[in-house]
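Novice: how would this look folded up:
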Amino acid sequence: MPRWLGGLLLVVLALGLGGCGGEPSQAGDEPAAEAATPIAAVELQPRDLSRELMVSARVEPRAWVRLAARTDGVVEAVHVEEGDRVEQGETLVELDVAEERAELARAEAHVEEARLEYARSAELRDEGIASRASYERARAALRSAESERSLWQARVDYGTLAASRDGVITERMVEPGEAVAARDTLLELVDTTTLVLRPGVSELDVRDLVVGQDVPIQLDAFPDADYVAKIRRIFPAASPDSQQVTVEIALPAEAADNGVRPGNLGRIRMTVDERPDVLAVPAAAIGEDGDQRYVYVVVDEQLERRTVETGVTRGPWTEITDGLEEGEIVLATNPIDMREGQRVRIVGWRG
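Specialist: The predicted structure is shown next:
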């Protein structure tokens, strides 16, 4: 190898060794800063975690009366038809009671006769002519005659069927000339002033309902009208077959005036287990460590672990009863891969 080439190699080697033995650079003295982890977060605000129960039922009249004949007889006149509105005490059906009227007239004659005999006996007793026994017999005969008259008056009255309350005739089951027996149903009458729905509710949900509670209802026949009804009563026992408790819900008075009728289908929303204005976080944001539950709160772009107490879970949200305050920023995703003090940056918001 030529001498001049060997010298060149020595110079190159010396320069390389000098570079390796120099002082370290400033960048090598400081560790690289930790990169902030991108996260999704949620700001704690009051939420309504009340649970809504959706059921449906048909509209019914609160009172449905079957009007029956009170005596045997032949129908003489029927004064109403289906759809007629009637008032309490109005005569609806009349039976032929000609025989009973004749007996009533005879009974009234007997009363008049007995009254005259009683008056004559009282006058004679006052004069000391008639005995007390004859006076008592005359008084008893008058009472007997009056009782007989009352009996026949009642039988005549039984020939008339009157409305027991205000309402609408929904069914007519008899025509003039028909023979009917006592207790045969002749008409059906419904009270449309108070319309109700009677849905069945699970025995687990009915415990959260109270009489007087407002209940929003929408009727399929009136999609543009929303009614606020009230729970009128809650039946005392569950059905042994369905294990559901009947809840009677009364529609407002204007429903009938607006054309709502028995048979219309209603959709009912009832609030059970009311929990308005509670703090909640996404259920996925809650971690478990033994018996404890925790979340991560974002403080100065770092995670701070916070032990919390939880309540109910509604959908994706879980109630926080202790450990957090309104306005705090919480990690909204699974915290299992996170740690205390970890630097983060918020790139998305939930809720």
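
Novice: Could you pick out the longest helix of this protein?
Specialist: For the chain, the helix with the greatest residue count under DSSP state H is helix 98-126.

Novice: ok, and for that helix, which residues are buried?
Specialist: Glu100, Glu103, Leu104, Ala107, Glu108, His110, Val111, Ala114, Glu117, Tyr118, Ser121, Arg125 (16 or more other Cβ atoms under 10 Å). Quick note: C-beta positions are derived from backbone N, CA and C, even for glycine.

Novice: possible to save those as a markdown table with pLDDT and distance to Pro276?
Specialist: As requested, these are arranged in a markdown table below (pLDDT from 0 to 100; distance: Cβ to Cβ, whole Å):
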| residue | pLDDT | distance to Pro276 |
| --- | --- | --- |
| Glu100 | 94 | 67 |
| Glu103 | 95 | 71 |
| Leu104 | 95 | 69 |
| Ala107 | 95 | 71 |
| Glu108 | 95 | 72 |
| His110 | 95 | 76 |
| Val111 | 95 | 73 |
| Ala114 | 93 | 77 |
| Glu117 | 90 | 82 |
| Tyr118 | 89 | 78 |
| Ser121 | 88 | 83 |
| Arg125 | 83 | 84 |
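
Novice: Export these as TSV, with columns for distance to Ala40.
Specialist: Compiled in TSV, those are given as follows (distance: Cβ to Cβ, whole Å):
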residue	distance to Ala40
Glu100	88
Glu103	93
Leu104	91
Ala107	94
Glu108	95
His110	99
Val111	96
Ala114	101
Glu117	106
Tyr118	102
Ser121	107
Arg125	109
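
Novice: Closest to Met173 out of those?
Specialist: Closest approach to Met173 among those (Cβ to Cβ): Glu100, at 23.2 Å.

Novice: Can you give me the distance of the closest one to Val156?
Specialist: Glu100 sits 5 Å away from Val156, going by Cβ to Cβ, to the nearest Å.

Novice: and what of His110?
Specialist: 16 Å.

Novice: tell me how far the helix or strand following the longest helix of the chain is from the chain's mean position?
Specialist: Going down the chain from helix 98-126, the next helix or strand is helix 132-157, by DSSP states H and E. Chain-centre distance of helix 132-157: 57 Å, with Cα atoms, centre = their mean, to the nearest Å.

Novice: How about stretch 200-213?
Specialist: The chain centre lies 7 Å from the centre of stretch 200-213; the measure is Cα atoms, centre = their mean.

Novice: buried stuff in that stretch?
Specialist: Across stretch 200-213, burial judged by 16+ other Cβ under 10 Å covers Gly200, Val201, Asp205, Val206, Asp208, Leu209, Gln213.

Novice: before we move on, what about stretch 159-172?
Specialist: Using 16+ other Cβ under 10 Å as the test for burial, stretch 159-172 gives Gly159, Leu161, Ala163, Asp166, Gly167, Val168, Ile169, Thr170, Arg172.

Novice: Cross these against strands and list the overlap.
Specialist: If you go by DSSP state E, the buried residues of stretch 159-172 have Leu161, Gly167, Val168, Ile169, Thr170, Arg172 in strands.

Novice: between those, which is nearest Arg58?
Specialist: If you rank these by distance to Arg58 using Cβ to Cβ, Thr170 comes first, at 14.3 Å.

Novice: contacting residues around the nearest residue to Ser239 once chain neighbours are set aside?
Specialist: The shortest distance from Ser239 to any non-neighbouring residue, by Cβ to Cβ, 6 or more residues apart in numbering, is to Gly200 (6.9 Å). Going by Cβ atoms under 8 Å, 6 or more residues apart in numbering, Gly200 touches Val55, Ser239, Ser242, Gln244, Val245, Thr246, Val247.

Novice: can you tell me how far the closest residue to the third one other than its chain neighbours sits from Leu53?
Specialist: Yep, that's Ser242 we're talking about. In this structure, Ser242 finds its nearest non-sequential neighbour in Gly200, 5.9 Å apart by Cβ to Cβ, 6+ apart. As judged by Cβ to Cβ, Gly200 and Leu53 stand 11 Å apart.

Novice: Same question for Ala69.
Specialist: Counting by Cβ to Cβ - Ala69 and Leu53 are separated by 44 Å.

Novice: hey, what's the residue nearest to Ser242 bridged with?
Specialist: Taking DSSP bridges as the rule, Gly200 bridges to Thr246.

Novice: For this structure, which segments are assigned as helices?
Specialist: Under DSSP H, the chain gives helices at 3-20, 26-29, 98-126, 132-157, 254-257.

Novice: Leu324 is nearest to which of those?
Specialist: helix 26-29 (41.6 Å).
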